[in-house]
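Student: Kindly return the folded structure for what I paste below:
(chains A and B)
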Amino acid sequence: MNRATQWIHAWLLLLPAAALLALFTHYPAVANLWHSFFSTPKGARPAVFVGLDNYRNLVDDPIFWQAFANNLWYALGTIPTSIAIAIAMAVWVNDRLPGRGFLRLAYFTPTVLPMIAVANIWLFFFTPEYGLLEQVTGALGFASHNWLGSKETALPALMVVTIWKEAGFFMIFYLAALQSMSPHLAEAAAIEGASRWYFFRRVTLPLLMPTTLFVLVNAVINAFRLVDHVFVMTRGGPDSATTLLLYYVYEIGFRFWDSAYAAALTMVLLALLAVVALAQFFFLDRKVHYQ
Amino acid sequence: MSASATVHEPRGAGRALESVAAWTLGVLWILPLAYAVWTAFHPAEFSTRFVPGAPLTLDNFVKAWNAAPFARYFVNTVVLVTTILAAQLVLVTLAAYAFARYRFPGDDVAFALVLVQLMIMPDVLIVENYRTMTVLGIKDTILSIGLPYMASAFGIFLLRQTFKTVPRELDEAARVEGCSSLQTLWKVYVPLAKPTYVAYALVSVSYHWNNFLWPLIITESVESRPVTVGLQVFASTDQGIDWSIITAATLLTTGPLLVAFLLFQRQFVQSFMRAGIK
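Tutor: The predicted model follows:
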């Protein structure tokens, strides 16, 4: 096959996927930027160029800043904890503890269920007065508390659900990494008389670093991408205490139908994701690989 | 595994302590689900009273099933996940083959452009994609839910890695036999990548069975809504629906996936592992 035919073949093979990717990933990302410089068309009034007006509104919008802060706290509150729990889960399931079949099932099941469904279950769990949590705290003599209805506890309650849902998912990646680790390492450490904890800290954990990077990137993306539980449990309330960025995009774009402002908000999300991508590419990738 | 590989497994008191911790976590993790199952299978007055002999009932499921068009939602979801998966398998196979076995001008740039989707998923491009669907005139159809996900960067990446491990000799042998590019792909590469296809299919099906935000936005009628959106519409209408029924509906919508998961637990876990380590 000569080179020109080969090129044509390659491009023909790529064409269907490339066309759909261009239409639903590349074009919308660029169009989004473009539309964020225009006003939202209303009735007979078409969209007009407004320059940076949408971004100025953004800077002056306290709910945006609240959503931004909420999202950062949410990421900070869920990611390290899920990763730590995931590592513990993986180590336990990998060891021959009694009943590891059940444990693996218990840890992993939340992962296959829809967020929208588990959020409904947790909603009932947190319900004032008859929810399970209230029953337990009531029996222990604590005062009744509306977990999802008060500003201090609503976001942490959502974080609990996220950690519960994601830890088992991340466990899988650690489990795969642990299983591919050479048993000679453990043998050598045993001959040297290293304790289990020392071995974990000095051998296992460093060797899990590439996995941790992979999981970290996924966790950060999910923290900005997955807002289904907000719809079920709090609808962003009380008083915007649980409004995450993507949920705010939804509210502005599809409840208030202000598509131009929603486009500006989306740009913030895209910028955050771009930072994650660049950080992974330029910084983390070089630091964690041992090969 | 040999005994030497287990030297760093916990022993004695440490083992007991870690077992207790592992089991506590396991019970905590399963508790919300156990609780949902209890509530769904008992009459409303027992929904938070855990009496051992409480009567079992399927009433909640019957009421939930009759209160909303769940049958239709199920059909929609099944059509949705099969359409997406079918399209993905074809598109992803062709593109992965091109990236794995062809050198052409701009291949690196093209591959980088594909990987962009790993970061910027269709889930965050809802505003523009809604606009596009409006222009195309296909809003509120199952096709419009699936289209943005059909060219999957994750799938292309996963399959490209697998195709690259296929020995060149097999490829060349097929060519000598007179196979064209597509025939080689079909007869050599696809059969060898079967485990990857299974892994990818399971990940894709569970992702799209569970997807919510984009379907919520792009659908507005019973005819196109998947179960996740149907469940939310059902659970958020405050017409004095009691918790037992909502919980039953919740289990109903997750039922098929949960049963499949319990039956094929090992394959599921291994598939997610395979998909993750590539």
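Student: which residues does the closest residue to B:Ala193 other than its chain neighbours contact?
Tutor: Leaving aside its sequence neighbours, B:Ala193 sits nearest to B:Thr162 (CB to CB, 6 or more residues apart in numbering or on different chains; 4.6 Å). Using the backbone N, CA and C atoms, a C-beta is placed for each residue, glycine as well. Taking CB atoms under 8 Å, 6 or more residues apart in numbering or on different chains, we find B:Thr162 in contact with B:Ala96, B:Leu192, B:Ala193, B:Thr196, B:Lys278.
Student: Neighbours of the residue lying closest to the second one once chain neighbours are set aside, how many?
Tutor: In this structure, B:Leu192 finds its nearest non-sequential neighbour in B:Val166, 5.5 Å apart by CB to CB, 6+ apart. By the other CB atoms under 10 Å in any protein chain shown criterion, the neighbourhood of B:Val166 contains 16 residues.
Student: Confirm that B:Val166 lies within a strand, as I assumed.
Tutor: No: going by DSSP: H, G, I helix; E, B strand; the rest coil, the assignment for B:Val166 is coil, not a strand.
Student: wait, what's in contact with it?
Tutor: Counting by CB under 8 Å, 6+ apart, B:Val166 touches B:Ala100, B:Val188, B:Tyr189, B:Leu192, B:Ala193.
Student: closest to chain A among those residues?
Tutor: Lowest distance from chain A to the contacts of B:Val166 (CB to the nearest CB) belongs to B:Ala100, with 10.3 Å.
Student: dump the residue contacts of the closest one.
Tutor: B:Ala100 neighbours (CB under 8 Å, 6+ apart): B:Leu159, B:Arg160, B:Phe163, B:Lys164, B:Val166.
Student: Selection in PyMOL covering whichever of these are buried, please.
Tutor: In PyMOL syntax, the buried subset of the contacts of B:Ala100 is picked out as below (16 or more other CB atoms under 10 Å in any protein chain shown):
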select buried, chain B and resi 159+160+163+166
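Student: could the contacts of B:Ala100 be laid out in TSV, adding distance to A:Thr40 and pLDDT?
Tutor: Below are the contacts of B:Ala100 laid out as TSV (distance: CB to CB, whole Å; pLDDT from 0 to 100):
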residue	distance to A:Thr40	pLDDT
B:Leu159	41	92
B:Arg160	41	92
B:Phe163	46	92
B:Lys164	47	90
B:Val166	51	90
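Student: Which member of the contacts of B:Ala100 is positioned nearest B:Leu85?
Tutor: Nearest to B:Leu85 among the contacts of B:Ala100 is B:Leu159, at 13.6 Å by CB to CB.
Student: State the next helix or strand along the chain beyond the helix or strand harbouring the closest one.
Tutor: Per DSSP states H and E: B:Leu159 is located in helix B:153-164. Of the helices and strands lying after helix B:153-164 in sequence (DSSP H and E), the nearest is helix B:168-176.
Student: where does the stretch 1-150 of chain B have low pLDDT?
Tutor: Low-confidence segments of the stretch 1-150 of chain B (pLDDT under 70): B:1-11, B:48.
Student: which residues in it form helices?
Tutor: Assigned helices in the stretch 1-150 of chain B, in chain order: B:12-41, B:59-67, B:70-101, B:107-119, B:126-136, B:142-150 (criterion: DSSP state H, counting those that start in this stretch).
Student: Most tightly packed of those helices?
Tutor: Mean neighbour count, computed with mean count of other CB atoms under 10 Å in any protein chain shown, is highest for helix B:142-150 among these, reaching a mean of 23.
Student: ok and that one relative to helix B:70-101, angle-wise?
Tutor: Helix B:142-150 and helix B:70-101 are oriented at 30 degrees to each other (axes from the mean of the first three to the mean of the last three CA atoms, to 10 degrees).
Student: tell me what helix B:142-150 is packed against?
Tutor: Applying 3 or more CB pairs under 8 Å, 6 or more residues apart in numbering or on different chains; DSSP states H and E, one finds that helix B:142-150 contacts helix A:3-21, helix B:70-101, helix B:126-136, helix B:213-218.
Student: and if we set it to 10 Å?
Tutor: Counting contacts by 3 or more CB pairs under 10 Å, 6 or more residues apart in numbering or on different chains; DSSP states H and E, helix B:142-150 packs against helix A:3-21, helix B:70-101, helix B:126-136, helix B:194-210, helix B:213-218.
Student: A:Tyr107 is nearest to which of those helices?
Tutor: Nearest of the helices and strands packed on helix B:142-150 (CB to CB): helix B:194-210, 16.0 Å.
Student: For the closest one, the averaged confidence score.
Tutor: Averaged over helix B:194-210, pLDDT sits at 88.
Student: CA atoms only: put that helix into PDB for me.
Tutor: Output of helix B:194-210 as PDB, limited to C-alpha atoms (Å, rounded to 0.1, in the frame of the first residue of the first chain):
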ATOM      1  CA  LYS B 194     -12.700  -9.300  23.200                       C
ATOM      2  CA  PRO B 195     -11.900  -8.900  26.900                       C
ATOM      3  CA  THR B 196     -11.500  -5.100  26.300                       C
ATOM      4  CA  TYR B 197     -14.800  -4.900  24.500                       C
ATOM      5  CA  VAL B 198     -16.500  -6.700  27.400                       C
ATOM      6  CA  ALA B 199     -14.900  -4.300  29.900                       C
ATOM      7  CA  TYR B 200     -15.800  -1.200  27.900                       C
ATOM      8  CA  ALA B 201     -19.400  -2.400  27.300                       C
ATOM      9  CA  LEU B 202     -20.000  -2.900  31.000                       C
ATOM     10  CA  VAL B 203     -18.500   0.500  31.900                       C
ATOM     11  CA  SER B 204     -20.500   2.200  29.100                       C
ATOM     12  CA  VAL B 205     -23.800   0.600  30.000                       C
ATOM     13  CA  SER B 206     -23.600   1.400  33.700                       C
ATOM     14  CA  TYR B 207     -22.500   5.000  32.900                       C
ATOM     15  CA  HIS B 208     -25.400   5.600  30.600                       C
ATOM     16  CA  TRP B 209     -28.000   3.700  32.600                       C
ATOM     17  CA  ASN B 210     -27.100   6.100  35.500                       C
END
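Student: buried set for that helix?
Tutor: For helix B:194-210, a neighbour-count test (16+ other CB under 10 Å) marks B:196-197, B:199-206, B:208-210 as buried.
Student: Stretch B:215-226 now?
Tutor: Within stretch B:215-226, the residues that count as buried by 16+ other CB under 10 Å are B:Pro215, B:Leu216, B:Ile217, B:Ile218, B:Thr219, B:Ser224, B:Arg225, B:Pro226.
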